[in-house]
Each structure stands twice: as structure tokens, then as C-alpha cells.
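*Asks:* predicted model follows, preceded by the sequence.
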Amino acid sequence: MNILLTGVNGQVGWELRRTLATLGTVTAPTSSQLNLTDGNALRSFIRTLRPELIVNPAAHTAVDKAESEPGLARTVNAIAPAIMAEEAAKLGAAMIHYSTDYVFDGNKPGAYTEDDATHPLGVYGQTKLEGENAIRAANIPHLILRTSWVYGLRGSNFLLTMQRLFKERDQLRIVADQYGAPTWSRMIAEATAQMLAQQPFDQGKSALHGTYNLTSRGRVSWYQFARTILDLTIQSGARRPELIPIPGTDYPTPAQRPSNSVLAGDKLQRSFGLSLPDWEAALELCLDCNKAVSTD
């Protein structure tokens, strides 16, 4: 299979380059080689490459910045995926696209299913939802994979930020009333490859196309997540910063965050027999992997 992978320097994209390599020839241009804000260049690249599958983890993920630069967020999160889907339709190609818990407002008491009504609270969530809808409207075989609280061993994410701040500060105030399921970028990539291996897009047709939640199991607050990172990172007897739980109202940001970002994984389990591990078990695996790399 001829695969176009965007966002290769991002957390998920970097992992996908490895996992998709077993399924075909992966072309993974950097942002300097493929500028998603240039629609004509994007169309030309796709028409020249003629991929059978477009995998798009690229996104404008700076949630707060999106509030002050909505045009750029919309270009990357909505217009670029729409162009990809339109070109895929012309080629008879399929598409895998990654979305977010931010398409919901977070007011539901329990875990969100794929069929729950969307209601984004800000520009980021709204533009990601527009991207989803554009892909559906193109009527191509597709997987839209919604994930949340993504972290990994590279890029910018909560895990790496906490590990840095633990060394710099004696006290940290962490939001304790927003809940989600932290999800390791490597597991997102590995699950994607397993889904594709199980149900390949055969000549533009797939019985299992649609929208799926793809997150770790469980539920945790940012404060609890930080405490677990601290417990797993700081060795016994070493200096530990004090972690103080605070309400989200004490940490105002330009973009409003959903108070509940938990996504149900039942549909993924039913359709593909896949279920990501509990968030804490995944975090331990991630940190163990980091230790192994550091030792080498």
C-alpha cells in the first residue's frame, strides 16, 4: 500500500511512521516539505504521490493559541483535512484522521460515546469538528479516531512538562476537577496499525469505516496524573516538589477545557477486538521504555 503520512514530527505522527512501515510504503514529508496551510501545494503533492491511504495526525494543537489565531487553526484542522478527503475521493483512496475529546463540552457525567452530540467550547474543538465533518461529507472509506490527553517521550505534552517542572520548582498547583484518560502516543499508533491490518481498505471499501474513540481506559484528574508521574519518576529519598490540587477556575486559560474528557472504548472493542490498557499501566510502560533508552 502507498501511504501518505502527515505530521511526522508530532507525537502521534512520529510513532505512526514506524508502525505503518509494516503495511506499505510510507511517504512522510515534514512541514517544510508539505505545508498544510498551502492548499494548492497540498493538492499537488497528493496528486503526484497518488496514495492509496492518507493518514493525518497533523493538527494545530495549541488550544489556547487557537483562540487568538482562529484562521490558522481552521486552515490546518478543517480546510487541510477537507482537501485531503476531496483528493482521496478522486483517487479512490481511504483516509485515517485523528480528532479530539474537545469536540464535546465535557458536561456529560459519564464517558462519551461516538454517537453523543458534539458541542465544542472553543476554536480548537470547533475546527477539529469541522475537519471531521468534511471527511464524512467526502464519502470516502475513513477512520476518524478521537483521542485525548496525548503524551509521549517527545514533543510538548503534560508528561514531559511535569518531569521538567519537578526539577525546577518546590511547589506545583495542578487542576484537580478536569478528568480524562491519558493516552500514550505509541499505543495510538500501534492500535491504528492493528486496525488497518485487520480491516484493510480493499479497493476503497471498508465495512468498519467511521468514527471510533481511541484512548486508554480509566479516569483521572490532571492532579492525580501529575502525582502518579511524580511517584513513578522521582526515586525514593529524592527531593519531591509539593503538589497542590486546585479548581480549574484558579488556573484561567484563553480556551475553556472540558471538565470531562473520558471517551468510551466499547465500539472499538466490538468492531476490532481492541482495547488500550488502563492509563496507569500504559504510563508505567512508557516510563520503562524511557529508562531502557536512557540505559542504552
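*Replies:* That came through fine.

*Asks:* check contacts around Pro51.
*Replies:* The contact partners of Pro51, taken as Cβ atoms under 8 Å, 6 or more residues apart in numbering, are 2-4, 27, 88, 91, 93. Where you see a C-beta, it was placed from the backbone N, CA and C, and this is true even at glycine.

*Asks:* could you rerun that using 6 Å?
*Replies:* By Cβ atoms under 6 Å, 6 or more residues apart in numbering, Pro51 lies in contact with 2-4, 93.

*Asks:* how about the helices in the stretch 151-296 of the chain?
*Replies:* With helices called from DSSP state H, counting those that start in this stretch, the stretch 151-296 of the chain shows them at 158-168, 185-198, 222-233, 266-272, 279-295.

*Asks:* how about the ones you listed in a markdown table, adding distance to Ile135 and mean pLDDT?
*Replies:* Listed next are these as a markdown table, based on distance: least, Cβ to Cβ, whole Å; pLDDT from 0 to 100:
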| stretch | distance to Ile135 | mean pLDDT |
| --- | --- | --- |
| helix 158-168 | 28 | 95 |
| helix 185-198 | 15 | 95 |
| helix 222-233 | 30 | 96 |
| helix 266-272 | 17 | 95 |
| helix 279-295 | 27 | 81 |
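
*Asks:* pick the most deeply packed of those helices.
*Replies:* Neighbour counts (mean count of other Cβ atoms under 10 Å) averaged over each of the helices of the stretch 151-296 of the chain peak at helix 185-198, with a mean of 20.

*Asks:* neighbouring contacts of it?
*Replies:* 11-12, 15-16, 19-20, 23, 147, 150, 152, 214, 272, 274, 276, 282.

*Asks:* show me those that map onto strands.
*Replies:* 147, 150 (DSSP state E).

*Asks:* out of the contacts of helix 185-198, who has the most neighbours?
*Replies:* Leu16 (30 neighbours; other Cβ atoms under 10 Å).

*Asks:* give the contact list for that residue.
*Replies:* Leu16 neighbours (Cβ under 6 Å, 6+ apart): 5, 189.

*Asks:* identify the farthest-apart pair in the contacts of Pro51.
*Replies:* Ile3 and Ala93 (9.7 Å; Cβ to Cβ).

*Asks:* picking that back up, any chance of the contacts of Pro51 in a markdown table, plus distance to Arg164, neighbour count and secondary structure?
*Replies:* A markdown table is the format used below for the contacts of Pro51 (distance: Cβ to Cβ, whole Å; neighbours: other Cβ atoms under 10 Å; DSSP: H, G, I helix; E, B strand; the rest coil):
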| residue | distance to Arg164 | neighbour count | secondary structure |
| --- | --- | --- | --- |
| Asn2 | 40 | 14 | strand |
| Ile3 | 34 | 24 | strand |
| Leu4 | 34 | 24 | strand |
| Ala93 | 41 | 25 | coil |
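
*Asks:* and of those residues, the nearest to Ala80?
*Replies:* So of the contacts of Pro51, ranked by how close each gets to Ala80 (Cβ to Cβ), first place is Leu4, at 12.3 Å.

*Asks:* surely the closest one meets Ile54?
*Replies:* Yes. Using Cβ atoms under 6 Å, Leu4 is in contact with Ile54, at 4.8 Å.
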